[in-house]
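Colleague: Here is a sequence together with a model predicted from it:
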Amino acid sequence: MSPQGDPKSANESSSLLIAPSDSTAMDEQSYNEHRSPHAGHATFIENVLNQAKTCMGTGTLALPFAARQGGLVLHFFGLLGIAGWNIYSTDRLLRSHVLLPNNSSRPPPPEGTSELGKVAFYAMGKRGLVMLDIALTFLLSGIIVAYIDAIVSFLGSTPVTIGSPKLDALLVAVIVAVLSNVPDLGYLAKLSAMGLSILLLTFVIIATYGDYSGFSLNWWPKNGMSGVSRWFGCNVFGFGTVPFTYNLRDSMEEPHRMLASHSVAMLFVAGSYIILGSGMLLIYPDVDGDILQELPTSGLLPTAVRLAMTVVVLATAPLIVVPCGELFEGILFHEEEASPGV
């Protein structure tokens, strides 16, 4: 350790919090010094698809309600702002990783620590690492439980149900576990593409039940800050790839293009949310919650929509389960013994 007050020590401890202002992208050579031994194979487009599908799941069903509450002006510019917020956060994480000490005299993090954990360790110490692991464990576990609960609720009003919510949940958990048994996120690209296609088809079917007799536009927030808060709560749930930045990057065959792929994905997601939210609001002007509530409870097409949303969520869940599994493996096993997947 450097003596207390040594400028070198001070610079080391603060370098992860303030990245060089003249850096515009992650340096490939610096990244390779810290790269995981498990090289990824996902192409640029496949990584974009994975990131887009991670965001676009059940939250899309609340987009028309969010647009109605926030107004179209906030819906347009606010979504672009949230996308920019995510891009900036990912950029900070990528730059922080490049600044990780290499062959430093500073004590290293525990073996098996995730890449995000290493950044937290060098920035905030062991307590910061523990706090991050706890926060991510609760976050990822909560998301997985929410996905399973959503699938069970979709299946409950269709013939494709065992008849018991507990048994339905158990069966869904088994299916998700099987789909998640891949080495890294790069192997889920085809599943992501299928999920996005089915999601688009789902909204096409939902649109057939809309009211086309007349259109009314809601430009400004409904009920002031109450409408703004509801808009924000619905839309911010639909962006969630930042905690998986390093997992997604390590799954790429060109990891130095992670920021570019993330930027494309976030702009695609924001654009899709703008179109889906405002478009559905035009034909469902009185929507007051989940757009599925506007559909009949029985019939061939409503049942098809609920089954399609089940597939959409099943395509999203592995994108959360795989990073969650890698986190738990890192905590429980040494890096040399752990595999990169679930």
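Modeller: Perfect, thanks for sending it.
Colleague: for the spatially closest residue to Met194 that is not a sequence neighbour, what are its contacts?
Modeller: Here the nearest residue to Met194 in space, its sequence neighbours aside, is Ala315; by CB to CB, 6 or more residues apart in numbering that works out to 6.1 Å. Glycine gets a C-beta too; all of them are placed from N, C-alpha and C. Contacts of Ala315 were listed using CB atoms under 8 Å, 6 or more residues apart in numbering, and they are 53, 191-192, 194-195, 198.
Colleague: Output stretch 267-276 as PDB, nothing but the C-alphas.
Modeller: Taking only C-alpha atoms (Å, rounded to 0.1, in the frame of the first residue of the first chain), the coordinates of stretch 267-276 have been written out as PDB:
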ATOM      1  CA  LEU A 267     -32.800   4.200 -29.500                       C
ATOM      2  CA  PHE A 268     -34.700   1.300 -31.100                       C
ATOM      3  CA  VAL A 269     -36.500   0.600 -27.800                       C
ATOM      4  CA  ALA A 270     -37.400   4.200 -27.200                       C
ATOM      5  CA  GLY A 271     -38.600   4.600 -30.800                       C
ATOM      6  CA  SER A 272     -40.700   1.400 -30.500                       C
ATOM      7  CA  TYR A 273     -42.200   2.600 -27.200                       C
ATOM      8  CA  ILE A 274     -43.100   6.000 -28.700                       C
ATOM      9  CA  ILE A 275     -44.900   4.400 -31.600                       C
ATOM     10  CA  LEU A 276     -46.600   1.600 -29.600                       C
END
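Colleague: So for that stretch, what gets flagged as buried?
Modeller: Taking 16 or more other CB atoms under 10 Å as the neighbour-count basis, stretch 267-276 is seen to contain the buried residues 267-270, 272-274, 276.
Colleague: and what of stretch 245-264?
Modeller: Under the neighbour-count criterion of 16+ other CB under 10 Å, stretch 245-264 has 245-252, 255-259, 261-264 buried.
Colleague: for the stretch 151-300 of the chain, which spans come out with low pLDDT?
Modeller: For the stretch 151-300 of the chain, not a single residue meets the criterion pLDDT under 70.
Colleague: related to what we said a few turns ago, now intersect the contacts of Ala315 with the helices, please.
Modeller: Restricting the contacts of Ala315 to those inside helices, with DSSP state H as the criterion, leaves 53, 191-192, 194-195, 198.
Colleague: can you list these in a markdown table and add neighbour count and distance to Glu111?
Modeller: Formatted as a markdown table, those follow (neighbours: other CB atoms under 10 Å; distance: CB to CB, whole Å):
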| residue | neighbour count | distance to Glu111 |
| --- | --- | --- |
| Lys53 | 26 | 32 |
| Leu191 | 21 | 32 |
| Ser192 | 24 | 32 |
| Met194 | 16 | 37 |
| Gly195 | 27 | 35 |
| Ile198 | 17 | 41 |
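Colleague: Now Met252: phi and psi?
Modeller: For Met252, the backbone dihedrals (degrees, to the nearest 10) come out as phi -90, psi 150.
Colleague: what's the distance between it and Ser89?
Modeller: When distances are taken as CB to CB, to the nearest Å, Met252 and Ser89 turn out to be 18 Å apart.
Colleague: got TSV for the contacts of Ala315, with distance to Ala120 too?
Modeller: Output for the contacts of Ala315, formatted as TSV (distance: CB to CB, whole Å):
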residue	distance to Ala120
Lys53	27
Leu191	30
Ser192	28
Met194	34
Gly195	31
Ile198	36
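Colleague: Can you tell me which of the residues you listed is nearest Met225?
Modeller: The shortest approach to Met225 among these belongs to Lys53, at 32.3 Å (CB to CB).
Colleague: Find the residue closest to the closest one in space, skipping its chain neighbours.
Modeller: Leaving out its chain neighbours, the residue that sits closest to Lys53 by CB to CB, 6+ apart is Ser192, at 3.6 Å.
Colleague: That neighbour reaches Leu319, doesn't it?
Modeller: Yes - Ser192 is within contact range of Leu319, at 7.1 Å (criterion: CB atoms under 8 Å).
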